[in-house]
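Q: the sequence isn't on hand, but the structure is:
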């Protein structure tokens, strides 16, 4: 009774306001009981009020699940509000009471048939939110109907429901074919439905990184672009993000998409604007730079980006993080907008720091005066972090814009005069960097710096100061005193300072040996005997021994000239930047990390790349991204299947050398299509085995025939596929497989043409370079290369490209043990340091005297390359043909004898179809690659070529090649006496 | 997309949560609260935070944090825009967006959130559409509902959601047809010690209040549209017409909405309406300083400057100030150390002046930073950029509407360095 009274009291208190807070008042014990009674009341109004009370309790985290049946009973009503409230309750508790939730199913199914589309949509929407397996079974049928509902409002709700269902039970969605229905909705007549279908598909695709759910082609793109103009702002974001994944076929298409996306830059919703910027930034890559439209587009991008900065601070922050990327990729867009990045007094700190970063990126000779004035202003602000960053920024300006260095230094000196402790310390740290960039220029300020020695209490600043004293010891009269003063508290210093102090005193000693002997001994003993830090001790010993054994060498080592520090140390590495540009507007762009680095599992390692430029090509693209064809996700080393490899060898072997001129008349008869006429006849010929004599040797893909059509059948695991070879036969490297799945006749024909056109002087075949080590993995070092046999020497030809920001030096190379004992015959000759964005061609002669270990695939080679940054490992595959030695011509007698010796088990037979070469031409071509014709005879109109070749490890391979005039199919039998040749025959059986 | 939303008071109390997918424990907010603790000032909490399994994206509005939790890669701007939209909707429905108001209207808040997002995808965010489905609580309606048993929730299909003009509801009727446009410009500027403009730009908006019957099609044209550097439009504006003719052609939403916002950047000459002569200095020895500020009109285009305020955040070591103002009143907040001088209308004949002494905690050193002076002002009947509406035409309906345009210029982030 008392309870009731207090409630009444409360009700009166709030009664006049009639707000929901009254629902919070029933917190006492018998409450559930009371609510139960109210829920079962006959009066509609009372029921509704009761449900409201239940919801209110639920929202504050009270457990009202006991009322489940009573609340569900209220569901059967035509009052929409009551229905919605019950739905709210259901969604919350269904998970904990799955059996009870089933009770609601009937009502849902009934509601899905309701004449009111709002009710239909609501039912299907709510059902999808009830995350109970049992319910999902009942959901399928209503959902299927709703996906095809006549009312677009229902369809668009159903589209989202598919995504919900997928989240609960992905298999069910696939089994029920909902994904296809969803794909169909992309072509819906209603833009809102299209947008929701795109949103749902994008979400589903995120958990299936490799599924091709959003199959974008020019038709769907067109539909999306049409829907883009008419759907809601949120729909526009979904569609734009989806568009960004598309790779246009050419610059024309790219331009037309850009033209249709540009109006979105004027949208009031900043997320729409940024998504549009992403699409434009990406597709712009494909536009030729000399195009007028390219310039127009660049101009159009600046104003919306600037406007983003006048929005709420949270939006500004995200915008700034993205602008940071854009400025690095295309500085020209915002180069005149420096002022909008000026920091305002009341910006939140996270905005201030980002603005500062961008200011430095935009700093140039033209605006440096303005920037410096601003930075100086910031250095007197309140926030310590911000002030520090501002001081550091001044130093970065000095390093970036040479003309401003003097001004920067004097500004820093002014700041040091303020004697504000942390300002002084930051200033000294950056002045050290300025010294390193411009040696022997600003040393006059050292005196001022030394005055502040005592106020330095941060390790970084102390270390910087000690470095300066050590480096310029000869100009500082009392350098020894200064360093000595630091030495007193040696053990209390941080490691950074200790190491620096050690080095500085050694430098001082080398410069002024007479006065400082005692000091150096003192520091060496402190470092080696009294310290338990291994780094310090080791460095101490190194110096000690250097000094004691060879002071001249010590001088050369310690006082060696240092490389200048590079201008911008904090730029994002170009390949990462490219990827991030593709992710503008996403979390990745805020963190400046690729999504694979932080998104949990779901996305896999799907790296996005900017499309290549169509017209005037840009050098920044890495080779594997250059193809506008759209295989942008292809891994750098495509391992081709056997078919490619075979076709490749064939091509190299049989294409007539360019020097021989046009093929002999005999070939003219072997035209395309002749295969069909004669193919059958050849197959019926009895195979003639051929043999090899060398014991224990790995078997070699030698004159292997090309299968009649592209077939993934493995020709012995040992043979493997060589990427170098696979990519090497002249077809576009991006799509080696494609050329084989094309009609074989056309494909090989092309190859022959290409092969003939290449015209190697020796006739030796060398595949084009492929990327072995992508810059992403090589910390900026990209290596592409190939193998060749030139004048009897096996060579590894590499292009080293420095895509990092700093100079690379000290290159060295090593091979792992491999099947043929390949090893570098000399050191890697990279004489000059490799500066950023520079490429160098290196040729490394190889020998075959290294340690042997069987690799899988056989021609696999594991390589380690070292430079001053790190050691990188990659593996590549070499064409076996480069191992064929020049003296591989076997004596006729020997050949015959050997041929007979080899057992049938060690034979293999293949057919090469579609080679339009005469036997002579083939023989010539093969000889170019050190495969020698021993004898030739003609039986029944067939030319039989008996051939031999020798591998660098002394293994002989013998072969017989049967060529029938007018028939493009060659039959090859090859044999060798090896343990592995069984593979050969096994594989032969496959054909 | 968006998994969950938590509303957190500025003191760190989580008072409301809503999940659109599976329930995420509120313990996820601990990461946020930790970051908030670290940031000190609630305004300084970074809007995007990463936790081991979730991403937290938040905004700070009306002393409340709107914290959304997502599990997958989402465009953060999308989430932030949405959160602001939620806050706007609360403001619109309840007249205020504060903890008290939200607690008072929990059920409506839940209903709204449920309508605004489905499975983390925005559903209905246009206030017109929402109001058709969930009527805002008014005292009158509450009384009527209690008497008649009526409900807050509309039973009709939100027609707008399906039409080509989702922002406008069908069947609008008014007895007085009127359309008002407010051109509001804010000057963001940084002036240096000597009064030179370091940076200045104008952020402008055209706010509309359109109460017209039926489906009117409006065309608004400006005298000097080329002035505008960058424009963003309400979705109702036909972009093509703007591109080709520089006129705003649109079917307006019903009621209040922002028709367009624009930007006049520092490249164009931005007029600065007032000048500030100031001198704030702290003595090297002794614990005191001097302050002397005078404000005068500069480029006001003959209009008078009103609601002039001056805010000076003093260094933390300042104990008290002893000032005299020739006009208006000043206050000094002891905890935030902010001097607020409410000047009122600027009289060009007798320039307002504030001067006096500042006393600093004894023993503390001379403050390192220079306080910055923030100016607030308003100029009626003037768009400082010079933008002028030339005419408004209506097509599609027969009646003659009443039309009006108002201009006002305000100071945005207008600060003077010392």
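A: Good, I have the coordinates. Predicted model, so just to flag it, every value in this text is computed and none were measured.
Q: going forward, measure contacts and count neighbours with C-alpha atoms only.
A: Fine.
Q: tell me the pLDDT of the residue lying closest to residue B:271 once chain neighbours are set aside.
A: Leaving aside its sequence neighbours, residue B:271 sits nearest to residue B:299 (CA to CA, 6 or more residues apart in numbering or on different chains; 6.0 Å). pLDDT for residue B:299: 83.
Q: in the stretch 301-418 of chain B, what residue comes closest to chain A?
A: Nearest residue of the stretch 301-418 of chain B to chain A: residue B:369, at 5.0 Å (CA to the nearest CA).
Q: is any residue of stretch A:63-78 near chain B?
A: No - Stretch A:63-78 is not in contact with chain B by CA under 8 Å from any CA of the partner chain; minimum separation 9.3 Å.
Q: please enumerate residues in contact with that stretch?
A: Stretch A:63-78 is contacted from outside by A:32, A:36, A:39-40, A:47, A:51, A:54, A:57-58, A:82-83, A:86-87, A:89-90, A:93, A:100, A:103-104, A:107, using CA atoms under 8 Å, 6 or more residues apart in numbering or on different chains.
Q: go again using 7 Å as the cut-off
A: The set of residues external to stretch A:63-78 that reach it, using CA atoms under 7 Å, 6 or more residues apart in numbering or on different chains, is A:36, A:39-40, A:51, A:54, A:58, A:83, A:86, A:93, A:100, A:104, A:107.
Q: where's the dip in pLDDT among these?
A: residue A:100 (75).
Q: A helix includes that residue, no?
A: Yes - counting by DSSP: H, G, I helix; E, B strand; the rest coil, residue A:100 is found in a helix.
Q: ok, back up a step: test my guess that the residue of the stretch 301-418 of chain B closest to chain A contacts residue A:384.
A: No - Residue B:369 lies out of contact with residue A:384 (CA atoms under 7 Å); the separation is 10.6 Å.
Q: and these two? Which one has more around it.
A: The residue with more neighbours, out of residue B:369 and residue A:384, is residue B:369; 16 against 13, by other CA atoms under 10 Å in any protein chain shown.
Q: please, which helix or strand holds the more buried one?
A: Here residue B:369, judged by DSSP states H and E, is contained in no helix and no strand.
Q: return the residues in contact with it.
A: Counting by CA under 7 Å, 6+ apart, residue B:369 makes contact with A:380-382.
Q: turn these into TSV, including secondary structure.
A: Output for the contacts of residue B:369, formatted as TSV (three-state DSSP):
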residue	secondary structure
A:380	coil
A:381	coil
A:382	coil
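Q: and the buried ones among these, selectable in ChimeraX?
A: A single ChimeraX command selects the buried members of the contacts of residue B:369 (16 or more other CA atoms under 10 Å in any protein chain shown):
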select /A:380,381,382
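Q: out of the contacts of residue B:369, who's near chain B?
A: Within the set of the contacts of residue B:369, contact with chain B (CA under 7 Å from any CA of the partner chain) is found for A:380-382.
Q: out of the residues you listed, which is nearest to residue B:382?
A: The closest of those to residue B:382 turns out to be residue A:381 (CA to CA; 34.4 Å).
Q: correct me if wrong: the closest one contacts residue A:387.
A: Yes - the pair residue A:381 and residue A:387 qualifies as a contact (CA under 7 Å) at a distance of 6.2 Å.
Q: list of residues touching stretch A:299-311?
A: Applying CA under 7 Å, 6+ apart, the external contacts of stretch A:299-311 come out as A:265, A:270, A:316, A:319, A:333-334, A:340, B:229-230, B:263.
Q: quick check: buried residues in that stretch?
A: A:300-310.
Q: for those residues, which one is nearest chain B?
A: residue A:303 (5.3 Å).
Q: what strand or helix carries the closest one?
A: Assessed by DSSP H and E, residue A:303 sits inside helix A:292-308.
Q: could you see whether chain B lies near the very next helix or strand once past that helix?
A: Elements were assigned by DSSP H and E; along the chain past helix A:292-308, the next helix or strand is helix A:313-329. Yes - residues of helix A:313-329 contacting chain B under CA under 7 Å from any CA: A:314-315, A:318.
Q: pLDDT, neighbour count and distance to residue A:423 for those - can I get that in CSV?
A: As requested, those are exported to CSV (pLDDT from 0 to 100; neighbours: other CA atoms under 10 Å in any protein chain shown; distance: CA to CA, whole Å):
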residue, pLDDT, neighbour count, distance to residue A:423
A:314, 91, 28, 29
A:315, 92, 23, 31
A:318, 93, 30, 29
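Q: mind putting those residues in a markdown table, distance to residue A:114 included?
A: Shown next, in a markdown table, are the residues of helix A:313-329 next to chain B (distance: CA to CA, whole Å):
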| residue | distance to residue A:114 |
| --- | --- |
| A:314 | 43 |
| A:315 | 42 |
| A:318 | 44 |
